[in-house]
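Asker: build the 3D model from these lines:
(2 chains)
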Amino acid sequence: MKIDSKTRFSIIVLISGWFILFGVIPLVLLVITSFLTMDPANLVRLSFSLKAYSQLLIDPSYIIVFIRSVKLALITTLLCLGLGYPFAWYTARMPPRWRTSVLVLLMIPFWTNSLVRTYAMRMVLGTQGILNKALLSLGFIHTPLRIMYTDYAVVAGLFYLMLPFMVLPLYATIEKLNFQLVEAARDLGAGAASAFIKVIFPLTLPGIMAGCVMVFVPTMGLFYVASLLGGARQLLVGNLIQQQFLNARNWPLGSATSIVLIIFMAVMLIGYGLLLRRFGRGKGISG
Amino acid sequence: MKTRFKPLIILAAVLLLAALQAQAAEKIFIYNWTEYLPESVLEQFTKETGIEVVYTTYDSNETMYAKLKLIKKDGYDVAVPSTYFVSKMGREGMLMKLDHALLPNMKNLDPELLNKDYDPDNAYSIPYMWGSTGIAVNTDEIPKEQITSWKDLWKPEFKGKLLLQDDLREVFHMALRIKGFSGNTTNPKEIEQAYLLLKDLMPNVLLFNSDSPRLPFLAGEVSIGMIWNGEAWMAREENPAIQYVYPKEGASFWVDSFVIPQGARNPKGAHAFINFMMTPEVAKACVEEYGYPTPVTPAIALLDTDISSSRTIFPDAGIIKQGEFQNDVGQAIEIYQKYWEKLRTSN
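Answerer: Numbers count the residues shown, from 1 in each chain, chains lettered A, B, ... in the order given. Model prediction:
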C-alpha cells in the first residue's frame, strides 16, 4: 500500500499534535506549578517560590516515602526477574506452537483494566479470600494469614501487574539466543552453572536490563495498588502525589514531587541507555 | 485510502448525533458520597420530573472540594459537603444562593438542624442526612464490654489492627475529646496536643478507609475501628456480631447537606431535586437503605419500629448531648490540615 505525502503529513500532524496536547503541555504546566506558591482558597498563587522543592528535600518524611517507594519497587523488580527469567526461558525453549499459546495466556489478563485486577487481588489475598481458604482446607495453616493492608499484599499486587513487562523483553532476547554458543561452552567443559554465568547471562543481559527498567520505573507511581492493597497509607511516591493534589491541595508540592520522580526515572533510563551501548552492542551474537 | 476512512466518519457523525440527542433531555449532574443515595430514588425522580440524573461519587470532602474548585462552569448541579465544607465553600464563593421559594418541602425539616452557624438561614445548604461517628467492634473477636471509649483504640493489643476514617476532622475529634477539648476547637495548642496523641495511635492503624468502612469488617480484615452509624447498621444486617459503640467521651455528629455549586448548569433542576429529596417517602427510603437519621421529620413516623427505635440509627437525647456536632473551624482548618498531613506521611 502506498501512502501519499498528504496522508503521511496528516498522520504526522495528528501524532505530534496528540503528543504536544497530552504530553508536552501538561508537563510544562506541571513544571510551572511546581514553582508557584500554595494558596488555600485558589489552589495556587502566581508568585515564584522554591518552597515546594525545599520542603521536599528537607522534610524527612518525604524522603522516607521516597526510600520506601524505591525499596518496594526494587523488591518487585527482583521478584519479577527471579520468577520471570525461568518462565521466559522455558517458554522460549518450547515448541513454537506452544510458545504462542503461553504468551497469549500471559497477555490475556491485560485485556482487563489493572484497577479491576487489583480489586480481584483483594479477593485472593483477603482473610476470607481464596488463598486463605485453600491453605486452610489443605491444612497448611490453622488461622487465616493476615496479608491484606500489609507490604506483602502491595508487593504481591505489584508483582502480579508487572510480571509480563519482565517476561516479554526476556523472552525476546532468549528466543534470539544462539544455542550453539551454549553447546560450544558445554563441549569445552563448562558446567551448567558456569555456562549460564559466562555465556547465557551476558547474552541475555540486554533483556534483563530492559525488563528491570520496564518494571521498576512504572511501579513507583502505581498509587492505586498501594491504596487498595496497602490501606491508603503512603507507601509509594504515587500516593504522596495523589494526596497532595486531592487532599492536601498543595499543588506546588504535588507537582514538585512529580518532577523529582520524572527526573529520577529519566536518570535511570539514561543510565540504562549507556549500559546498553556498552554491553548490548558489539556482542550481537543473535542467531 | 480515503474510502477506508468513510465508515469511521459515518460512525463519528452517528455518535455526535447521539450525543446531541442525549443533550436534548433535561439533565442534572449530582456529585455525592459513595453509597449515599438509593438508585431507586434517582429512578423515581427521573420518572416524576423527566429530568435525567448523571451520578458521580467521591469518598472525602477534600476530593469533592478539589474537583469543584477546578470546574468554573458547566459543572455539577448538586454536591453534598459536610458542615465545615459548606461554610468554607460558601465563604469562597463556590456556592449558589438557594431560592427557598423553589423548596416548599423545607417545611418537613427538623428545625433543630436548620439555621446553624455553618450556614445561617440555610442560604446555601439543605441538610440531607446526619449521623454519628463512633466505634465498630466485631464481638466475635473482641468482647463489646471492653470497648467503651475512644481511648480503647490506643490499647497496645490493637497494634496494626485499626481502621480509621480517612477524614481529618473525625480523626482529630477522637483525640480532642480524650484530652477534654471541643472537637471544634480553633486553638492551635489544643490541636497540637491532639496531634501528639494521634501520633501514638499511628502504629495501631492498619488502614484508612472512607468509602465503605463496613467492608473490611465484613471481610474479616479488621475487628475494631471508627465507623459511621449507618455503615455499622448496614454491617450488622449482614453480620450480627458487628456492633456499634457510642464512646463515652462523645461521638462526633455531622450533617451532610445539599448545595448547588456556582458552576451548575441546571440550577432549576437542582432545586427540583433537593425539594424532591425532602418528601417523606423519599427520605424514608434513604433511611431504610443506609441507616442514617434523616432531618425530614414526617419520614420517621413512616418507618418500621425496628428501624425507628434502633439506637444505632437514631441516638437518644442523652447520647447526642454527650457528643458534639461538627462545626466550622474557619481558618483553623489549615492547622488541622498541616498536622493531618504529618500524620499521613509519617506512618
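Asker: every contact and neighbour count from this point should use C-alpha atoms.
Answerer: OK.
Asker: count the neighbours of residue 87 for me.
Answerer: The chain I'm using is chain A. 15 (other Cα atoms under 10 Å in any protein chain shown).
Asker: oops, I was thinking of chain B
Answerer: For residue B:87, the count of nearby residues is 23 (other Cα under 10 Å).
Asker: dump the residue contacts of it.
Answerer: Contacts were defined as Cα atoms under 8 Å, 6 or more residues apart in numbering or on different chains; by that measure residue B:87 touches B:118, B:119, B:328.
Asker: kindly report the same for residue A:244.
Answerer: Applying Cα under 8 Å, 6+ apart, one finds that residue A:244 lies in contact with A:250, A:251, A:253, A:254.
Asker: again, but for residue B:76
Answerer: Each residue near residue B:76 by Cα under 8 Å, 6+ apart is listed here: B:28, B:29, B:30, B:31, B:68, B:260, B:261, B:263, B:264, B:265.
Asker: closest to residue A:68 out of the contacts of residue B:87?
Answerer: Nearest to residue A:68 among the contacts of residue B:87, counting by Cα to Cα, is residue B:328 at 36.4 Å.
Asker: correct me, but that closest one touches residue B:185?
Answerer: No: counting by Cα atoms under 8 Å, residue B:185 is not a contact partner of residue B:328; they are 9.5 Å apart.
Asker: more crowded one of those two?
Answerer: Neighbour comparison, residue B:328 and residue B:185: the larger count goes to residue B:328, with 21 against 17 (by other Cα under 10 Å).
Asker: on the three-state scheme, that one is what?
Answerer: The assignment at residue B:328 comes out as coil when based on DSSP: H, G, I helix; E, B strand; the rest coil.
Asker: now it. Nearest residue, chain neighbours left out?
Answerer: Closest residue to residue B:328 apart from its sequence neighbours, by Cα to Cα, 6 or more residues apart in numbering or on different chains: residue B:84 at 4.1 Å.
Asker: returning to what we had before: and the contacts of residue B:76, which of them are in strands?
Answerer: Among the contacts of residue B:76, the ones falling in strands (DSSP state E) are B:28, B:29, B:30, B:31.
Asker: who's in contact with the third one?
Answerer: When the contact criterion is Cα under 8 Å, 6+ apart, the partners of residue B:30 are B:53, B:54, B:55, B:56, B:76, B:77, B:78, B:79.
Asker: with secondary structure and pLDDT added, can I get those residues in JSON lines?
Answerer: Compiled in JSON lines, the contacts of residue B:30 are given as follows (DSSP: H, G, I helix; E, B strand; the rest coil; pLDDT from 0 to 100):
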{"residue": "B:53", "secondary structure": "strand", "pLDDT": "96"}
{"residue": "B:54", "secondary structure": "strand", "pLDDT": "95"}
{"residue": "B:55", "secondary structure": "strand", "pLDDT": "95"}
{"residue": "B:56", "secondary structure": "strand", "pLDDT": "94"}
{"residue": "B:76", "secondary structure": "coil", "pLDDT": "95"}
{"residue": "B:77", "secondary structure": "coil", "pLDDT": "96"}
{"residue": "B:78", "secondary structure": "strand", "pLDDT": "97"}
{"residue": "B:79", "secondary structure": "strand", "pLDDT": "97"}
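Asker: tell me the span between the first and last residue of stretch B:109-125.
Answerer: Between the opening and closing residues of stretch B:109-125 there is a gap of 12 Å (Cα to Cα, to the nearest Å).
Asker: any residues touching that stretch, and which ones?
Answerer: Outside of stretch B:109-125, the residues within contact range by Cα under 8 Å, 6+ apart are B:83-84, B:86-87, B:90, B:95-98, B:127, B:257-260, B:278, B:295-297, B:327-328.
Asker: need the contact list for residue B:140.
Answerer: residue B:241.
Asker: secondary structure class for it?
Answerer: Classification of residue B:140 into helix, strand or coil gives coil, according to three-state DSSP.
Asker: and it, what are its phi and psi?
Answerer: Dihedral angles phi and psi of residue B:140 (degrees, to the nearest 10) take the values phi -70, psi -30.
Asker: how much space between it and residue B:106?
Answerer: 44 Å.
Asker: same check on residue B:145?
Answerer: According to Cα to Cα, residue B:145 and residue B:106 sit 41 Å apart.
Asker: hmm, stretch B:232-243 touching chain A?
Answerer: No: in this structure, stretch B:232-243 remains apart from chain A according to Cα under 8 Å from any Cα of the partner chain; the gap is never smaller than 14.1 Å.
Asker: may I have that stretch exported as PDB, CA atoms only?
Answerer: Extracted C-alpha coordinates of stretch B:232-243, given in PDB (Å, rounded to 0.1, in the frame of the first residue of the first chain):
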ATOM      1  CA  ALA B 232     -22.400  -0.100  61.200                       C
ATOM      2  CA  TRP B 233     -26.100  -0.600  60.800                       C
ATOM      3  CA  MET B 234     -25.600  -2.000  57.300                       C
ATOM      4  CA  ALA B 235     -22.800  -4.200  58.500                       C
ATOM      5  CA  ARG B 236     -25.000  -5.700  61.200                       C
ATOM      6  CA  GLU B 237     -27.600  -6.600  58.700                       C
ATOM      7  CA  GLU B 238     -25.100  -8.900  57.200                       C
ATOM      8  CA  ASN B 239     -23.200 -10.000  60.300                       C
ATOM      9  CA  PRO B 240     -24.900  -9.500  63.700                       C
ATOM     10  CA  ALA B 241     -21.600  -9.700  65.500                       C
ATOM     11  CA  ILE B 242     -20.600  -6.300  64.300                       C
ATOM     12  CA  GLN B 243     -21.800  -3.800  67.000                       C
END
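Asker: please enumerate the helices of chain B.
Answerer: Taking DSSP state H as the criterion, chain B carries its helices at B:2-24, B:39-49, B:61-70, B:83-91, B:168-178, B:188-201, B:214-218, B:229-238, B:267-277, B:280-290, B:297-302, B:305-308, B:317-322, B:333-346.
Asker: got JSON lines for those, with mean pLDDT too?
Answerer: Supplementary listing: these in JSON lines, determined by pLDDT from 0 to 100:
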{"stretch": "helix B:2-24", "mean pLDDT": "59"}
{"stretch": "helix B:39-49", "mean pLDDT": "95"}
{"stretch": "helix B:61-70", "mean pLDDT": "88"}
{"stretch": "helix B:83-91", "mean pLDDT": "91"}
{"stretch": "helix B:168-178", "mean pLDDT": "95"}
{"stretch": "helix B:188-201", "mean pLDDT": "96"}
{"stretch": "helix B:214-218", "mean pLDDT": "93"}
{"stretch": "helix B:229-238", "mean pLDDT": "94"}
{"stretch": "helix B:267-277", "mean pLDDT": "96"}
{"stretch": "helix B:280-290", "mean pLDDT": "95"}
{"stretch": "helix B:297-302", "mean pLDDT": "95"}
{"stretch": "helix B:305-308", "mean pLDDT": "91"}
{"stretch": "helix B:317-322", "mean pLDDT": "92"}
{"stretch": "helix B:333-346", "mean pLDDT": "84"}
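Asker: in the ones in strands among the contacts of residue B:76, which residue is surrounded by the most others?
Answerer: Taking other Cα under 10 Å to define a neighbour, the member of the ones in strands among the contacts of residue B:76 with the most is residue B:28, carrying 23 neighbours.
Asker: look up phi and psi at residue B:115.
Answerer: Listed backbone geometry of residue B:115 is phi 50, psi 50, with angles given as degrees, to the nearest 10.
Asker: repeat for residue B:249
Answerer: Torsion angles at residue B:249 (phi, psi; degrees, to the nearest 10) stand at phi -70, psi -10.
Asker: pretty sure it sits against residue B:323.
Answerer: Yes: counting by Cα under 8 Å, residue B:323 is a contact partner of residue B:249 at 7.2 Å.
Asker: show me which residues of chain A are close to chain B?
Answerer: Chain A comes close to chain B at residues A:3, A:40-43, A:61-62, A:65, A:126-128, A:146, A:148-150, A:230-234, A:240, A:245-249, as judged by Cα under 8 Å from any Cα.
Asker: of those residues, select the buried ones using a PyMOL command.
Answerer: For selection in PyMOL, the members of the residues of chain A next to chain B meeting the burial criterion (16 or more other Cα atoms under 10 Å in any protein chain shown) are listed in this command:
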select buried, chain A and resi 43+61+62+65+126+127+128+146+148+149+150+230+231+232+233+234+240+245+246+247+248+249
